[in-house]
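In: Provided below for reference: sequence and predicted model.
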Amino acid sequence: MGRKFIDCRQFPSEMNCTIAISADTEAELLDAAVQHAVTVHRHQDTPEFRDQIRSVIKEGTPP
């Protein structure tokens, strides 16, 4: 199983966040990405938001 990642640079924001998060499993990555989004970007942790994040998870490692 390969690594998975999500990169905040894919999402325009006032903060211009450059955080990239990677993990071995989608579940671990999703939890970390949601925690970052809620804590730093003030998003709400909802099922819809988790689906949105899940849809942009990529295989591999961040560039």
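Out: Cool, the structure landed.

In: can you tell me the centre-most residue of the chain?
Out: A33 (3.7 Å; Cα atoms, centre = their mean).

In: just to check, that one is in contact with Q52?
Out: No: in terms of Cβ atoms under 8 Å, A33 does not count as a neighbour of Q52; the distance is 10.3 Å. (C-beta placed from N, C-alpha, C; glycine too.)

In: just give me the neighbour total for P47.
Out: 7 (other Cβ atoms under 10 Å).

In: what stretches of the protein score poorly on pLDDT?
Out: Counting by pLDDT under 70, the chain has low-confidence residues at 1.

In: circling back: so the residue nearest to the centre of the chain sits in a helix?
Out: Yes: the secondary structure assignment for A33 places it in a helix, going by DSSP: H, G, I helix; E, B strand; the rest coil.

In: please spell out which residues along the strand or helix carrying H36 are buried.
Out: Using DSSP states H and E, H36 maps to helix 26-41. When burial is assessed from 16 or more other Cβ atoms under 10 Å, helix 26-41 yields the following buried residues: 29-30, 33-34, 36-37.

In: first vs last residue of stretch 5-16, how far apart are they?
Out: One end of stretch 5-16 to the other measures 18 Å (Cα to Cα, to the nearest Å).

In: tell me which residues are up against that stretch.
Out: Under the contact criterion Cβ atoms under 8 Å, 6 or more residues apart in numbering, stretch 5-16 has outside partners 17-23, 29, 33, 36, 40-41, 53, 56-58, 60-63.

In: so which bits of that stretch are buried?
Out: Across stretch 5-16, burial judged by 16+ other Cβ under 10 Å covers 5-8.

In: how about those residues in JSON lines, adding secondary structure and distance to D45?
Out: Putting these into JSON lines (DSSP: H, G, I helix; E, B strand; the rest coil; distance: Cβ to Cβ, whole Å) gives the following:
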{"residue": "F5", "secondary structure": "strand", "distance to D45": "20"}
{"residue": "I6", "secondary structure": "strand", "distance to D45": "15"}
{"residue": "D7", "secondary structure": "strand", "distance to D45": "20"}
{"residue": "C8", "secondary structure": "helix", "distance to D45": "16"}
